[in-house]
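> Let me see the structure of the following:
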Amino acid sequence: MTSRSVAVSVVLPAYNEAGTIQHAVEATLETLASFLPDGRFEVIVAEDGCNDRTPEIASELAADDERIRHVHSDERLGRGGALEYAFRAADGETLVYFDTDLATDMRHLEELVEAVQSGEYDIATGSRRMHGRKVDRPASRDIPSTGFNRLVRLCLRSELHDHQCGFKAFDREALFSVLEDVEDAHWFWDTEVLVRAQRAGYRVKEFPVDWTPREDTKVDLIRDVVGMGSQIARTWWQLSVQPRLTRRRSVVAGTLLTLVALALMTVYLDPEAVLTEMAAADPLLVAVAGGIYVLSWPLRGLRYRNILERLGYHERVGFLTGAVFISQTGNLVFPARGGDAVRAYVVKARRGIPYPSGFASLAVERVFDLLTIAALAGTVFVGLALTGATGDLQAALFGSGSEAQQSGRVAVGVAAVVGVAAFLALGAIIASARRDTNYVRAALSRLSSDSYADYVARLLERFVVDVQTVANDRRAFVTVGTTSVLVWTLDVLVAVVVLAAFGVDVAPATLLVVGFFAVSIGNLAKVLPLTPGGIGLYEGAFTVLVVALTPLSAPVALGAAVVDHAIKNIVTVVGGLASMIVLNVSLTTAVEESAGVSDSNPEPDAEVSTSGN
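Numbers count the residues shown, from 1 in each chain. The predicted structure follows:
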C-alpha cells in the first residue's frame, strides 16, 4: 500500500490501552473495509508515552498488517498533542479519530467519513446531545458535560451542542489551517479546534450518535474545573477581545487603567486632606523624598535580575526595572495583586521566560520582601522592648479609641500574621528542597487521576523547583537578601524625610527608628489586598505607630502617612507609564502579547513504526 493510495486515515489515541487496543484496531479495520476499497485507508495507533504493554501490542499489530501504523512517543504529549502528531504523520486527506473504548456505535463511522470525504463538509463530529441519539450517560458525566458545553456555547459563541464527543473527522487542509492557532494539547484540544474552525468559516456537520460509556468516570477537579475553565477563558480572550485591541486602543486603555489608581485614592482617602497635608509640608523635602524613592527602583531591577540569574535567565537591569514598574502599577489598579501576573506576562512575552519561572521569581521576591520588612519590624520591636517603650505602643493600640486606633490594631494584627507566615513559608521551602519526596505530585494525585493532572503537576513542580533553587542557594540568598534590605531602607528613608518635611521636633535617631517600624508594619499590613494598593491599612498602621512612639499629634502623623504613600504611588504610576512607553507595552497588551508566546519546551522523542512503507 503506497501513501498516495490512502484516502482516509483513522487515528486511535492510546494511553495505557493494553486491554482494548487490539479489539479497537480490529473493529476499526472491519468497519472501514465495509464501505471503503482495500488500500484506501489506514489505522494509526497514536500511543502517547504509555507505561503498560500498549506500545508492544501496537508494534506487533503494525508488523502483521500493512494497513496499521504505530506512532510512538517516549514522553506524554497530551491527548491533543498525540492526535496532532499522528495526524501530521498520516497519509490520508480525510483524517478521523475516535476513542479506543468504541463508546460511539461504529455504524456511524461511514456517515462520519462520508461527510468530509464527499467535500460537503470540512469537519464532522458526532453528538451525544442532539435529538435522535441514544445515550446511556450517568449523571457523573452528564452534569459536568452539560455545564461545559453551555459555557462554550455562551462564551465562545459556538453553534455546536457536544464539543468533546470523541468521534470526529477533518479535511486535512482545513485541520492544519486551524491548528496554526490551537494552543491546548490536552482535553480542550478538540473543543478549541471546533470553535476556531467555526470562526474561520469552515463547514462543520454535527449529527446525533448512539453512545454507550464503557466505564464510569467522576468529575476531575484538575481537568474539568481548573483546566477547562482556564482554557475557555483563554480562548474567549483570544477570539473576542484580542482582535479588537489595536495598538492605539491598547495604549489608551493601559494609560486609563493606571490613572484609575490615582482616582481610587479619592475613594479611600479624603482628597482635600491629601492636598491640605501636602501643602503644609516642605516642598523641597517632599521632592527629596520622591528622589530617594526613585533611586530604589534600579535596586528592585537589580534584585530581580539576581533572582532570574539563579534560574538561568540573564536580562538587563533596565528592562527588568521597567517590568517591575509595570507590575507595581498594575497592583495599584487590579485587586488581589493582579499586577504580579502582569509582570509574568511581560517577561514571557518580551523575553520568553516561561510562566512557571516568571511566577516563581515573583514568589521568591515576595518572600524576601516579607522576610526583610518582618526582620526590620522585629528588630525595632526588640529594641523598643529593651528600652521599655512598648508600654506606650500597647496603650495606643488597645486603648478605647479612635478610628485610627482601630485601623492600627487591624493593621498590626495583619502584619504579625503575615510576618510569621513569611518565615514559615521560607522554612518549608528550604526543608522541602532538601528532601526527595515529590509533594506536588503526591498532593495532585489525591485530587485527580486524569492525565491532565500530570500536565498541571509538571508546571507546579517547575515552579517549586525554581523557588527552591534560589532559597537553597546561600550565595543567592545573601545577594538577594542584601538588595532587599537596601530597597526597604530607601523606602524607610522616604518616610523619614516626609516626617521631617512636616517640621517635626523629634531627634533624627528616634525618627529613623520610628520610620523603620511604621513603614515595615504598614507594608506587612497591606500585603493582604483589602484595598487597592493597600490604601488605608498602610496609613492606619503608620499613624497609630507614629503617635504611640513620638510626641506627634494624630493629624500630623496621618498627614505624613498620606504624603508618604502618595509620593510612592505617584512615582510608581509615572514610572509605570514611562516603562510602558519605552517597552512598548501596556497593562492590556502585556496579557494580549503573551498569548502568542509558547514555552520553549524541547520536542519529545517520537517515532513511527509501519510495515508497508
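
> buried stuff in the helix or strand containing N306?
Here N306, judged by DSSP states H and E, is contained in helix 283-310. For helix 283-310, a neighbour-count test (16 or more other C-beta atoms under 10 Å) marks 285-286, 288-290, 292-293, 296-297, 299-308, 310 as buried. (C-beta placed from N, C-alpha, C; glycine too.)

> Ok, stretch 183-192 next?
Those would be 183-192, for stretch 183-192 by 16+ other C-beta under 10 Å.

> which one of those is nearest K168?
D190 (6.3 Å; C-beta to C-beta).

> That closest one against E84, yeah?
No - assessed by C-beta atoms under 8 Å, D190 is found out of contact with E84, at 10.5 Å.

> Which strands or helices does the helix holding N306 pack on?
Using 3 or more C-beta pairs under 8 Å, 6 or more residues apart in numbering; DSSP states H and E as the contact criterion, the neighbours of helix 283-310 among helices and strands are helix 317-333, helix 355-387, helix 451-471, helix 474-501, helix 554-583.

> With mean neighbour count as new columns, can those be given to me in CSV?
Shown next, in CSV, are those (neighbours: other C-beta atoms under 10 Å):
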stretch, mean neighbour count
helix 317-333, 24
helix 355-387, 20
helix 451-471, 19
helix 474-501, 20
helix 554-583, 21
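
> Figure out which of the ones you listed is closest to Y97.
Closest among these, using C-beta to C-beta: helix 451-471, at 16.3 Å.

> So for that closest one, mean pLDDT?
Across helix 451-471, the average pLDDT comes to 65.

> And for stretch 151-165?
91.

> so who does the closest residue to P13 other than its chain neighbours touch?
With sequence-adjacent residues excluded and distances taken as C-beta to C-beta, 6 or more residues apart in numbering, P13 is closest to A46, at 4.9 Å. Residues counted as contacts of A46 (C-beta atoms under 8 Å, 6 or more residues apart in numbering) are 11-14, 71, 82-83, 85-86, 97.

> Measure how the helix holding N306 sits relative to helix 554-583, angle-wise.
50 degrees (axes from the mean of the first three to the mean of the last three C-alpha atoms, to 10 degrees).

> hang on, the earlier thing: which secondary structure element contains the residue nearest to P13?
With DSSP H and E as criterion, A46 is part of strand 41-48.

> Of all the residues in that strand, which ones are buried?
Per 16+ other C-beta under 10 Å, strand 41-48 contains these buried residues: 41-48.

> one step back: so which of the helices and strands packed on helix 283-310 comes closest to V547?
helix 554-583 (5.1 Å).

> Report pLDDT for the nearest residue to D473 once chain neighbours are set aside.
In space, and not counting its chain neighbours, D473 is closest to R310: 5.8 Å by C-beta to C-beta, 6+ apart. Per-residue pLDDT puts R310 at 85.

> ok so, going back, quick one: which of the buried residues of strand 41-48 is nearest T28?
Nearest member of these to T28, counting by C-beta to C-beta, is V43, at 5.2 Å.

> what residues are up against R40?
Contacts of R40 by C-beta under 8 Å, 6+ apart are 5-8.

> oh sorry, the question was meant for Y121
So Y121 contacts 115, 171, 203-205 (C-beta under 8 Å, 6+ apart).

> Closest to N331 out of the residues you listed?
Once C-beta to C-beta is applied, the member of the contacts of Y121 that ends up nearest N331 is V204, at 43.1 Å.

> ok, what's across the strand from the residue nearest to the closest one when sequence neighbours are not counted?
With sequence-adjacent residues excluded and distances taken as C-beta to C-beta, 6+ apart, V204 is closest to I123, at 4.6 Å. For I123, the beta-bridge partners under DSSP bridges are F170, V204.

> Let me see the confidence value for I123.
So I123 comes in at 97 (pLDDT).

> isn't it right up against L112?
No - here I123 does not reach L112: they are 10.3 Å apart, not a contact under C-beta under 8 Å.

> list residues touching both of these two?
With C-beta under 8 Å, 6+ apart, I123 and L112 have common neighbours 168-169.

> And the helices and strands packed on helix 283-310: which comes nearest D105?
Closest among the helices and strands packed on helix 283-310, using C-beta to C-beta: helix 451-471, at 25.6 Å.

> what about stretch 342-352, average pLDDT?
83.

> List the buried residues in that stretch.
In stretch 342-352, counting by 16+ other C-beta under 10 Å, buried: 342-351.

> In three-state terms, label T125 for me.
Classification of T125 by DSSP: H, G, I helix; E, B strand; the rest coil places it in strand.

> how close does it get to E111?
11 Å (C-beta to C-beta, to the nearest Å).

> Have a look at those two and say which one is more surrounded.
T125 (27 against 15; other C-beta atoms under 10 Å).

> The nearest residue to the more buried one once chain neighbours are set aside - how many residues pack around it?
For T125, ignoring the flanking residues on the chain, the nearest one in space by C-beta to C-beta, 6+ apart is K168 at 4.6 Å. K168 is flanked by 23 other residues according to other C-beta under 10 Å.

> which helices and strands does the host helix or strand of K168 pack with?
Assigned by DSSP H and E, K168 belongs to strand 167-171. Identification of packing neighbours for strand 167-171 by 3+ C-beta pairs under 8 Å, 6+ apart yields strand 94-98, helix 109-117, strand 123-127.

> can you list the domains in this structure?
Domain assignment for the chain by automatic domain parsing gives 1-102, 247-594.

> if we can go back for a sec, mind checking which of the buried residues of stretch 342-352 land in helices?
342-351 (DSSP state H).

> nearest to T31, of those?
Distances from T31 to these, taken by C-beta to C-beta, are shortest for K348, at 45.7 Å.

> you'd agree that closest one is up against S361?
No - in this structure, K348 is not within contact of S361 by C-beta under 8 Å, at 11.2 Å.

> still on that earlier bit, note down every partner strand of the strand holding A46 and its orientation.
Short version: by DSSP bridges, strand 41-48 pairs with strand 8-14 (parallel), strand 68-73 (parallel).

> so where's the stretch 301-450 of the chain shaky on pLDDT?
333-339, 381, 383-419, 421-423, 425-450 (pLDDT under 70).

> same deal with the stretch 51-200 of the chain?
Checking the stretch 51-200 of the chain against pLDDT under 70 turns up 132-142.

> show me what contacts Y293?
490-491, 494, 567-568, 571.

> what pLDDT does it get?
In this model, Y293 is scored at 94, pLDDT.

> how much space between it and V496?
Distance from Y293 to V496, by C-beta to C-beta: 12 Å.

> cool, and G330?
Taken as C-beta to C-beta, the span from G330 to V496 is 28 Å.

> quick one on the thing from earlier: can you put the helices and strands packed on helix 283-310 in JSON lines and add distance to S177?
Output for those, formatted as JSON lines (distance: least, C-beta to C-beta, whole Å):
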{"stretch": "helix 317-333", "distance to S177": "35"}
{"stretch": "helix 355-387", "distance to S177": "27"}
{"stretch": "helix 451-471", "distance to S177": "26"}
{"stretch": "helix 474-501", "distance to S177": "47"}
{"stretch": "helix 554-583", "distance to S177": "33"}
